[in-house]
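Student: sequence first, then the predicted structure:
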Amino acid sequence: MNDVPGSERSADFKFGQLETDLLSITYTIIPTSTALSEVAKTFVQNMHRVVALGLLPRMLALNVALAVERIPFPLGAISGVSTPLPKDVISHIIMTATMTDAMLSRVPNEGTFLALEGLLSSMILGAWTAFETFAGDLWEAALNARPEELAKLSGRRGHRSDSGGEQATKDIDLNRLAQNKFDVSKTMGTLLRERFNFQILEGIRDAYECAFGQYCENARKALFDDSLRHLSAVRNLLVHKAGKIDHKFKDDTKTSPHFADSKPDEQIKIDGTVVADLVSRAVIQSIAMLMSVDKFVGAKLT
């Protein structure tokens, strides 16, 4: 894209509110069962990346302030100077949420606008990827740890055509069995994972319904929370529809106040408030799932 000099435009991304909300999210949790430790650790690392993206605008705004005020940046990695700034200078450049939004209320060109807009979209995609990975990893680890109760897949089944349920008839890969010397006592989750589609919400829900049935009710309640459907809907709209609202999106987000006024064929509007809400609610449901499954798995293993 060729930016025309002086093509400055206004923006209202609400990055300040995004940062404030992100810093209030607690997504670090240590399960009591060692069988789930790696699952929790991976989820935390993936969420770190999402949150870091949300903090980037503050860093950009701060660097602009430093450049305008001609204040040397006190990081050895950048300037070679490790001496802390004087207190009066520090107080002068502290960035509040309001200041961040004010500094980014106008951007120099369309390219910058699209880059910042893309940052918000990337956070949505990253949050969904973190969740779907977590959901699949948690399911697999739970079945590996408790195959007697879970690997029979005898729980409630959705039988939804869009859930990947047809995969439930797949045969177990003999090569995988051979890799484990035909000992499946601790690998049933790994072997059965391919029967379900963990890349879509309905597939994830179906997998948990089939495996857990009467167990881990709170985990299944979390999975059916509307907030996860909202996150999935926004992600799918961005990836598959280039952000153009359709009737399916309206139906999937009908309980979300963020999209109540949106209309089919319009472009979706995403700002820091929307992203923070979607990300934080996904974290809440993920933690609820982990705590529920951890209680079930840990009851036997510890």
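Tutor: Now that the structure is in, tell me what you want to look at. Residues are numbered from 1 along each chain as shown.
Student: buried residues in stretch 140-153?
Tutor: Within stretch 140-153, the residues that count as buried by 16 or more other Cβ atoms under 10 Å are 140-147, 149-151, 153. From N, CA and C alone the C-beta is placed, and that goes for glycine too.
Student: wait, I meant stretch 45-60
Tutor: 46-47, 50-51, 53-54, 57-58, 60.
Student: just give me the least confident of these.
Tutor: Among the buried residues of stretch 45-60, Leu60 carries the weakest pLDDT, at 79.
Student: show me where pLDDT drops low in the stretch 101-250 of the chain?
Tutor: Along the stretch 101-250 of the chain, the model assigns pLDDT under 70 to residues 157-185.
Student: after the helix or strand hosting Gly111 comes which helix or strand?
Tutor: If you go by DSSP states H and E, Gly111 is part of helix 110-145. Heading C-terminal from helix 110-145, the first helix or strand you meet, by DSSP H and E, is helix 147-150.
Student: hey, C-alpha coordinates of that following helix in PDB?
Tutor: Extracted in PDB, the C-alpha atoms of helix 147-150 (Å, rounded to 0.1, in the frame of the first residue of the first chain):
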ATOM      1  CA  PRO A 147      -8.600 -44.400  30.700                       C
ATOM      2  CA  GLU A 148     -10.800 -46.700  32.700                       C
ATOM      3  CA  GLU A 149     -13.500 -44.100  33.100                       C
ATOM      4  CA  LEU A 150     -13.000 -41.900  30.100                       C
END
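Student: so what secondary structure elements neighbour that helix?
Tutor: With contacts defined as 3 or more Cβ pairs under 8 Å, 6 or more residues apart in numbering; DSSP states H and E, helix 147-150 has these neighbours: helix 188-192.
Student: helix or strand right after the helix it packs on?
Tutor: Next along the chain from helix 188-192, counting by DSSP H and E, comes helix 201-212.
Student: who are the packing partners of that next one?
Tutor: helix 110-145, helix 217-223, helix 226-240.
Student: wait, which of the ones you listed is closest to Thr98?
Tutor: helix 110-145 (17.4 Å; Cβ to Cβ).
Student: which strands and helices sit next to that closest one?
Tutor: Helix 110-145 packs on helix 37-69, helix 188-192, helix 201-212, helix 226-240, helix 272-301, going by 3+ Cβ pairs under 8 Å, 6+ apart.
Student: now that we have these, can you turn them into JSON lines and tack on distance to Ser7?
Tutor: Output for the helices and strands packed on helix 110-145, formatted as JSON lines (distance: least, Cβ to Cβ, whole Å):
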{"stretch": "helix 37-69", "distance to Ser7": "18"}
{"stretch": "helix 188-192", "distance to Ser7": "53"}
{"stretch": "helix 201-212", "distance to Ser7": "40"}
{"stretch": "helix 226-240", "distance to Ser7": "25"}
{"stretch": "helix 272-301", "distance to Ser7": "24"}
